[in-house]
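Visitor: Predicted coordinates and the sequence they were generated for:
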Amino acid sequence: AHMSKDADNIVKGCRHWESKTMNNEVEVEELDKNTREARRIGSDNEMKYDNLARSLAMMEDELKRAEERVKNAEGRVSVIEDELHAIGENQKQLEISEEKARRREEKYQEQIKQINIRLKQAEARSEYAEMNISKLHLRIDELEDEIIREKLKINAVSGQLDDTFNEMLNKY
């Protein structure tokens, strides 16, 4: 009976170890399956990493080109800003020159206005002087005519006096 008990224990032990072995085989298969899945995921991840590395390299190259374009664009912007500044300064100078020219034009227009006023005044004085000259010429002509008449009268009176003196001399 003792042997039978030992045999039962051995059979129990065998079953236990068979069960454990089967569980281990299931576990090994599960682990093998998990390992294959992990390798597949690892391989996929490696491919994804390679793709991402290539994309990163391309993006870095594109970034370098973009940075170069930005650098060139900033240089052009700087040149354009300088030109714009120069244009702004030129425009300010032109505005100042325009303002000075406008003031000179206003000054010249005022001078022209004053000269026109003086011209009109001079023309009016000239017309007045011409009228006075015409009047004076008429007056001179009248006076000359009067002088001639007076001379004729004087000559006539002188002739009468001469005749009277001659008669007096002849009578006495």
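Guide: That came in fine, so what should we check first?
Visitor: quick one: low-confidence ranges for this structure?
Guide: 172 (pLDDT under 70).
Visitor: which residues touch residue 93?
Guide: By Cβ atoms under 8 Å, 6 or more residues apart in numbering, residue 93 lies in contact with nothing. Glycine gets a C-beta too; all of them are placed from N, C-alpha and C.
Visitor: and it, how far is that from residue 100?
Guide: Residue 93 is 10 Å from residue 100, where distance means Cβ to Cβ, to the nearest Å.
Visitor: now residue 41
Guide: Counting by Cβ to Cβ - residue 41 and residue 100 are separated by 83 Å.
Visitor: Residue 44 now?
Guide: To residue 100, residue 44 is 80 Å away according to Cβ to Cβ.
Visitor: Kindly report the same for residue 108.
Guide: In terms of Cβ to Cβ, residue 108 sits 12 Å off from residue 100.
Visitor: tell me the centre residue of the protein?
Guide: Against the mean C-alpha coordinate of the chain, by Cα atoms, centre = their mean, the closest residue is residue 88 at 5.9 Å.
Visitor: Helices of the protein, start to end?
Guide: Applying DSSP state H to the chain gives helices spanning 2-171.
Visitor: what about residue 28, how many neighbours?
Guide: By other Cβ atoms under 10 Å, 12 other residues sit near residue 28.
Visitor: Make 7 the starting number, not 1.
Guide: Right, with 7 as the first residue, what we last looked at is residue 34.
Visitor: For it, give me its contacts.
Guide: Residue 34 neighbours (Cβ under 8 Å, 6+ apart): none.
Visitor: Tell me how far it lies from residue 47.
Guide: With Cβ to Cβ as the criterion, residue 34 and residue 47 are 20 Å apart.
Visitor: likewise residue 16?
Guide: 45 Å.
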